[in-house]
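Chemist: Pasting the sequence and the predicted model now:
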Protein chains: 2
Amino acid sequence: MKIELDHGGGGQKSWEIVKDIRKILKNVGEWKSTDDDGAVFDLGEKKLVFTTDGFIVEPLFFPGGDIGTIAMTGTINDVAVMGARPIGVSLSIILEEGFPNKDFEKILQSIHEVSKKSGVPIVTGDTKVSPKGKIDKIEITTSGVGLADKIINNNGAQPGDLIITSGDLGEHAVTLLASRFNYKTKLKSDCRPLNNELKEAGQYLKACKDPTRGGLGANIVEIADKSQVKIILEENKLPYKKETVAVAELLGIDIFSLASEGRFIAAVDVKNKDKAIKILQKYNKEAKVIGRAEFGEGVFLETKIGSMRKINMPAGKLIPRIC
Amino acid sequence: MKIELDHGGGGQKSWEIVKDIRKILKNVGEWKSTDDDGAVFDLGEKKLVFTTDGFIVEPLFFPGGDIGTIAMTGTINDVAVMGARPIGVSLSIILEEGFPNKDFEKILQSIHEVSKKSGVPIVTGDTKVSPKGKIDKIEITTSGVGLADKIINNNGAQPGDLIITSGDLGEHAVTLLASRFNYKTKLKSDCRPLNNELKEAGQYLKACKDPTRGGLGANIVEIADKSQVKIILEENKLPYKKETVAVAELLGIDIFSLASEGRFIAAVDVKNKDKAIKILQKYNKEAKVIGRAEFGEGVFLETKIGSMRKINMPAGKLIPRIC
């Protein structure tokens, strides 16, 4: 048995390898939420959130950002969707021998930009260099720590809740793919830190995830599974730009599997819906309700003509090296 | 300008690249000790320690451990030498497509072994897969968090202190090198978690570092520089096994640059020396005094005939992919 690309894609195969890893590394001591976006440790009054993510994207530079932008936003967002204030990020970089200094500096500048925008500093790091040919240009792993009063867990959605998105989805994925094919579009990566809007809106959210790897499909299935609810998404409210859909269709990729790097989806109590959406629309006008949770199980797309189509965890070939 | 292998070696060139990174990412917010083995955040009664390290070692498996063993011990030790109790480690893995599952499982088992021995759990993680040829087999980045009542900083050595080691040094480096050349020795990597002995002895230590990359040379120079003291090591107390020295000489490598993965060096007040050594010798009989701190600056080796030889931060070619 050998490792396959799909093991890293964020779909069904990824879940299998994570299950295998957990079989061996099952002891998590006093920690909680270790199968959520971040692990949680009880500090008494506050809770510590801890998360990590490795980035090997291709291309390194793309409209809207670069590997540095998404390494920083990805980790800040994983802490923030847990309901925590990200307080610091670690930066571990592996460079290929011969990597141009000016490209490296550009990536560091992007990290600095996200740090400024989010107010989250890089506080510790490591730099290694691999001989030429032993790594592809640069690899970045960021870990994040945050402090929370109250954790938002993925299992928090309840029947009767509405499902919201903080903005249009999938633009990050199609931007990277279009760049790989030198295909010119007006799209640019949606990557950005979400901690400021989550600081304001977090109090109203009951389950929250940033749909990176695996896209809306994998992430909404995870919320439905963990919360033990049925989730219905409405086709006429799907949060994708026309051009995002067009590029995805051109490439034959299911829009539900498209990664974003600056968006979250969440469940919200009906009575808090307007308050949450009002806050989120200050940051992104496309924030809106896209579905609802009901008693039952599974995720379904309610089509424009009223029929229901089941949405499964993406199982097949997912797009590698996108986030 | 391009990245060179030496930029990742742990010597002078590594310091230059870290300085360049810090020029851009200079804001560290409320964090302290951000140029130490781990960054420190004040939680009120307790202090949070946060650290990260990337591992791209060659060979992956060697006498005494594998890449999993050192990824886990390296991060636990970076937290522990700060005087903190490591409470959790994150595990970010990038696998090359086609990597054998049985090797991956062996590496996970090694991580599990260190976790059991140290009592520190893996609590969060990430797994990515890179296309064949885009990464060399496997790369692991671990980050660690810990809690401390009192931080041990590298600048804590004072004139009059003694310099101690928790055991023989350099065996990790020469073991990996000998493995690369298929050269049979009785040596095995010294990698092991130090948190248990540091929990007991930490109260007596004033400056503490695990001499991984850059070896005793780079690490003792760092303590002397930061503490603004002169450090004198005694040649007849140098903590290297005969076989370690023999292999290093055969390969033309300065013993002072040899990495260890389960040892620390520290400064200790004369009045606490016996207490510290007594504790450390329960874990390793080779724990001993190897030198002293005086008023002044620089690091010197006092030879057997009483002359002084200056020890500099290793500048030249350091051994890549050793830790």
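Modeler: Arrived safely.
Chemist: and stretch A:302-318, how far from the chain's centre?
Modeler: Mean-position distance between stretch A:302-318 and its chain equals 20 Å (Cα atoms, centre = their mean, to the nearest Å).
Chemist: Just the CA trace of it, in PDB.
Modeler: Output of stretch A:302-318 as PDB, limited to C-alpha atoms (Å, rounded to 0.1, in the frame of the first residue of the first chain):
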ATOM      1  CA  GLU A 302     -32.900  21.700  -3.000                       C
ATOM      2  CA  THR A 303     -33.000  22.400  -6.700                       C
ATOM      3  CA  LYS A 304     -34.800  25.400  -8.300                       C
ATOM      4  CA  ILE A 305     -37.700  23.100  -9.200                       C
ATOM      5  CA  GLY A 306     -37.900  21.700  -5.600                       C
ATOM      6  CA  SER A 307     -36.300  18.300  -6.000                       C
ATOM      7  CA  MET A 308     -33.600  17.100  -3.600                       C
ATOM      8  CA  ARG A 309     -30.100  15.900  -4.700                       C
ATOM      9  CA  LYS A 310     -27.900  14.300  -2.100                       C
ATOM     10  CA  ILE A 311     -24.400  16.000  -1.600                       C
ATOM     11  CA  ASN A 312     -21.700  13.600  -0.500                       C
ATOM     12  CA  MET A 313     -18.300  14.000   1.000                       C
ATOM     13  CA  PRO A 314     -16.100  14.500  -2.200                       C
ATOM     14  CA  ALA A 315     -14.500  11.100  -2.800                       C
ATOM     15  CA  GLY A 316     -12.800  11.200  -6.100                       C
ATOM     16  CA  LYS A 317      -9.800  13.200  -7.400                       C
ATOM     17  CA  LEU A 318      -9.600  16.500  -5.500                       C
END
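Chemist: May I see the buried residues of it?
Modeler: A:302, A:311, A:313, A:314, A:318 (16 or more other Cβ atoms under 10 Å in any protein chain shown). All C-beta spots, glycine's among them, are computed from the backbone N, C-alpha and C.
Chemist: Please spell out which residues along stretch A:152-163 are buried.
Modeler: A:152, A:153, A:154, A:155, A:156, A:157, A:158, A:161, A:162, A:163.
Chemist: before we move on, what about stretch A:42-55?
Modeler: Buried-residue list, stretch A:42-55, by 16+ other Cβ under 10 Å: A:43, A:46, A:47, A:48, A:49, A:50, A:51, A:52, A:53, A:54, A:55.
Chemist: List just the nearest of those residues to residue A:209.
Modeler: Nearest to residue A:209 among the buried residues of stretch A:42-55: residue A:51, at 12.3 Å, using Cβ to Cβ.
Chemist: List the residues that contact the closest one.
Modeler: Taking Cβ atoms under 8 Å, 6 or more residues apart in numbering or on different chains as the contact definition, residue A:51 lies against A:37, A:38, A:39, A:75, A:78, A:79, A:82, A:143, A:144, B:90, B:124.
Chemist: give me the element it is part of.
Modeler: In the assignment (DSSP states H and E), residue A:51 maps to strand A:47-55.
Chemist: so after that strand, what's the next helix or strand?
Modeler: Next in sequence after strand A:47-55, counting helices and strands by DSSP H and E, comes strand A:61-62.
Chemist: what's in contact with that next one?
Modeler: With Cβ under 8 Å, 6+ apart as the criterion, strand A:61-62 contacts A:67, A:103, A:106, A:175, A:176, A:179, A:188, A:189.
Chemist: what's the distance between the residue in the stretch 201-323 of chain A positioned nearest to chain B and residue B:78?
Modeler: Scanning the stretch 201-323 of chain A for the residue nearest chain B gives residue A:320, at 6.5 Å (criterion: Cβ to the nearest Cβ). Remark: distance between residue A:320 and residue B:78 (Cβ to Cβ, to the nearest Å) = 31 Å.
Chemist: between those two, who's got more neighbours?
Modeler: Using other Cβ atoms under 10 Å in any protein chain shown as the criterion, residue A:320 and residue B:78 rank with residue B:78 on top: 29 against 20.
Chemist: I'd guessed residue A:300 sits against residue A:309; true?
Modeler: Yes - shown here, residue A:300 and residue A:309 form a contact pair, counting by Cβ atoms under 8 Å, at 6.5 Å.
Chemist: residues in contact with residue A:179?
Modeler: Here residue A:179 is in contact with A:59, A:62, A:63 (Cβ under 8 Å, 6+ apart).
Chemist: Please give the element, helix or strand, for it.
Modeler: Assigned by DSSP H and E, residue A:179 belongs to helix A:171-180.
Chemist: for that helix, which positions count as buried?
Modeler: A:171, A:172, A:173, A:174, A:175, A:176, A:177, A:178, A:179.
Chemist: Then stretch A:56-64?
Modeler: A:56, A:57, A:58, A:60, A:61, A:62, A:64.
Chemist: now, which of those residues sits nearest chain B?
Modeler: Lowest distance from chain B to the buried residues of stretch A:56-64 (Cβ to the nearest Cβ) belongs to residue A:56, with 5.3 Å.
Chemist: hang on, isn't the closest one packed against residue A:321?
Modeler: Yes - with contact defined as Cβ under 8 Å, residue A:56 counts as touching residue A:321 (5.4 Å).
Chemist: okay, and the common contacts of those two?
Modeler: Among the neighbours of residue A:56, those also in contact with residue A:321 (Cβ under 8 Å, 6+ apart) are B:128, B:130.
Chemist: Let me know the closest of the buried residues of stretch A:56-64 to residue B:135.
Modeler: Nearest to residue B:135 among those, with distances taken as Cβ to Cβ, is residue A:56, at 7.1 Å.
Chemist: Quickly note the distance from the closest one to residue B:244.
Modeler: Computed as Cβ to Cβ, the residue A:56 to residue B:244 distance reads 36 Å.
Chemist: again, but for residue A:169
Modeler: 56 Å.
Chemist: Whichever residue of the stretch 51-200 of chain A sits closest to chain B: how many residues sit nearby?
Modeler: Residue nearest to chain B within the stretch 51-200 of chain A: residue A:129 (3.1 Å; Cβ to the nearest Cβ). By other Cβ under 10 Å, 27 other residues sit near residue A:129.
Chemist: element containing it?
Modeler: strand A:122-130.
Chemist: Tell me the strands beside the helix or strand following that strand, with direction?
Modeler: Proceeding N to C from strand A:122-130, the next assigned helix or strand is strand A:138-148, under DSSP H and E. Next to strand A:138-148 in the sheet, as set by DSSP bridges, lie strand A:47-55 (antiparallel), strand A:85-96 (antiparallel).
Chemist: Distance from the shortest one to the middle of the chain?
Modeler: A distance of 12 Å separates the C-alpha centroid of strand A:47-55 from that of its chain, computed with Cα atoms, centre = their mean.
Chemist: same question, stretch A:186-194
Modeler: Distance of stretch A:186-194 from its chain centroid, counting by Cα atoms, centre = their mean, is 12 Å.
Chemist: so how far is the first residue of it from its last?
Modeler: By Cα to Cα, to the nearest Å, the extent of stretch A:186-194 from end to end equals 23 Å.
Chemist: same check, this time on stretch A:172-188
Modeler: End residues of stretch A:172-188 are separated by 7 Å (Cα to Cα).
Chemist: avg pLDDT for it?
Modeler: Mean pLDDT, stretch A:172-188: 92.
Chemist: what about it, distance to the chain center?
Modeler: The answer for stretch A:172-188 is 19 Å, by Cα atoms, centre = their mean.
Chemist: Likewise for stretch A:242-255?
Modeler: Relative to its chain's centre, stretch A:242-255 lies at 19 Å (Cα atoms, centre = their mean).
Chemist: and it, which residues are buried?
Modeler: For stretch A:242-255, the neighbour count (16+ other Cβ under 10 Å) marks A:244, A:247, A:248, A:253, A:255 as buried.
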